[in-house]
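generate a structure from the sequence data that follows.
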Amino acid sequence: MRYQDVPVTAEGISTSEFIDATEGVVKLFDLLGSSAFAVVQNDMNGNIKLVLTRAQKIRDRLLSTGPDLSGTLQLLVKNEGLPGDKKRTATEGLLWLLRGLEFTARALRLSLENPSEELSTSFTKAYENTLRKYHSILVRPVFSLAMKACPYRKDFYAKLGPSEDVVRTPLTEWLVALEKIVQNMHQFYEQGQYAKGF
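Okay, the predicted model is just below:
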C-alpha cells in the first residue's frame, strides 16, 4: 500500500489503509543500511521501530471499536477521549507516528529539492526542524550522530531503483501524498487540541 492509495475523504483519512502504507516506512529505513540508523529505527522520539507497535495500537483500536468509531484517523482520535485524558494510547501513538513521518518526509523532500546534497545533510536539517524540539538534551546528540551516518546519496537512490532520475517521479508522488496526510492530521490535532499532554 502506498500513501497515494490511502482514501482521504471529507470524513477523514482511512485508518486501515494508512497503517498499511505506514508499515512500509520501516523498510525505507532499512534501505539506509547503517547500523547507526538503528537509533532512528529504535527511537523516532519514542521509536521509529515502534511504527509497527504504534500502528498496531491504532489497528487494535480500530478492531475493538469498529469503523463507526475508528474507521478514520480523525474518528479514532475523537472517540478515544477528551484532550488531557491520560488513557489515549492510540491518540498518543498516532501523534508520535505523525512526527516521525514528518521527519521522514522533510528529509526526503530536502533530498529531492537539493540533488547535490548528501543524505546526511538532508536528514540533519530535517531532524533540526522536526523531531529535535521533542527530544531531551540526552537524546539529541545520539540522533545528530545517526544523521551523519546516512549512506551516500548515490547508494541510497540505487537501492530504490535503477537511477535517481527513474526514482524521482514515484518518490515525489509518494511524498506528496504523505505530506498531505501529515499536514491534514497536524491541523486536526492542533484544532482539537488533541496533542495536549503529549
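
need the mean per-residue confidence for stretch 171-184.
The average pLDDT within stretch 171-184 is 97.

list the buried ones in that stretch?
Taking 16 or more other CB atoms under 10 Å as the neighbour-count basis, stretch 171-184 is seen to contain the buried residues 171, 174, 175, 177, 178, 179, 180, 181, 182, 184. Glycine gets a C-beta too; all of them are placed from N, C-alpha and C.

now the last one, nearest residue through space, not along the chain?
In this case it means residue 184. Closest residue to residue 184 in three dimensions, ignoring its sequence neighbours and counting by CB to CB, 6 or more residues apart in numbering: residue 13, at 6.6 Å.

just confirm the one you found contacts residue 7, I think it does.
Yes - applying CB atoms under 8 Å as the test, residue 13 and residue 7 come out as touching, 7.5 Å apart.

more neighbours: these two, which one.
residue 13 (22 against 12; other CB atoms under 10 Å).

ok so that one is a strand residue?
Yes - counting by DSSP: H, G, I helix; E, B strand; the rest coil, residue 13 falls inside a strand.

which of the buried residues of stretch 171-184 sits closest to residue 80?
Sorting the buried residues of stretch 171-184 by how near they are to residue 80, with CB to CB, puts residue 184 at the top with 18.1 Å.

what are the phi and psi values at that closest one?
Backbone torsions of residue 184, given as degrees, to the nearest 10, read phi -60, psi -50.

centroid-nearest residue for this structure?
Nearest to the mean C-alpha position of the chain, counting by CA atoms, centre = their mean, stands residue 101 at 1.5 Å.

what helix or strand is the closest residue to it other than its chain neighbours on?
Taking CB to CB, 6+ apart, and ignoring the residues beside it in sequence, residue 101 has residue 182 as its nearest neighbour in space, at 5.4 Å. When secondary structure is defined using DSSP states H and E, the element that contains residue 182 is helix 164-192.

so which elements touch that helix?
Using 3 or more CB pairs under 8 Å, 6 or more residues apart in numbering; DSSP states H and E as the contact criterion, the elements in contact with helix 164-192 are strand 8-9, strand 12-13, helix 73-78, helix 89-113, helix 153-160.

tell me which strands the first one pairs with, and in which orientation.
By that I understand strand 8-9. For strand 8-9, the paired strands and their directions (DSSP bridges) read strand 12-13 (antiparallel).

export the helix or strand following the partner strand as PDB, just CAs?
Using DSSP H and E, the helix or strand that directly follows strand 12-13 along the chain is helix 15-23. This file holds the C-alpha atoms of helix 15-23, laid out as PDB (Å, rounded to 0.1, in the frame of the first residue of the first chain):
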ATOM      1  CA  THR A  15      -7.200   4.200   9.400                       C
ATOM      2  CA  SER A  16      -6.600   0.700   8.000                       C
ATOM      3  CA  GLU A  17      -5.000   1.800   4.700                       C
ATOM      4  CA  PHE A  18      -2.900   4.500   6.500                       C
ATOM      5  CA  ILE A  19      -1.500   1.800   8.700                       C
ATOM      6  CA  ASP A  20      -0.800  -0.500   5.800                       C
ATOM      7  CA  ALA A  21       1.100   2.300   4.000                       C
ATOM      8  CA  THR A  22       3.000   3.300   7.100                       C
ATOM      9  CA  GLU A  23       4.300  -0.200   7.800                       C
END
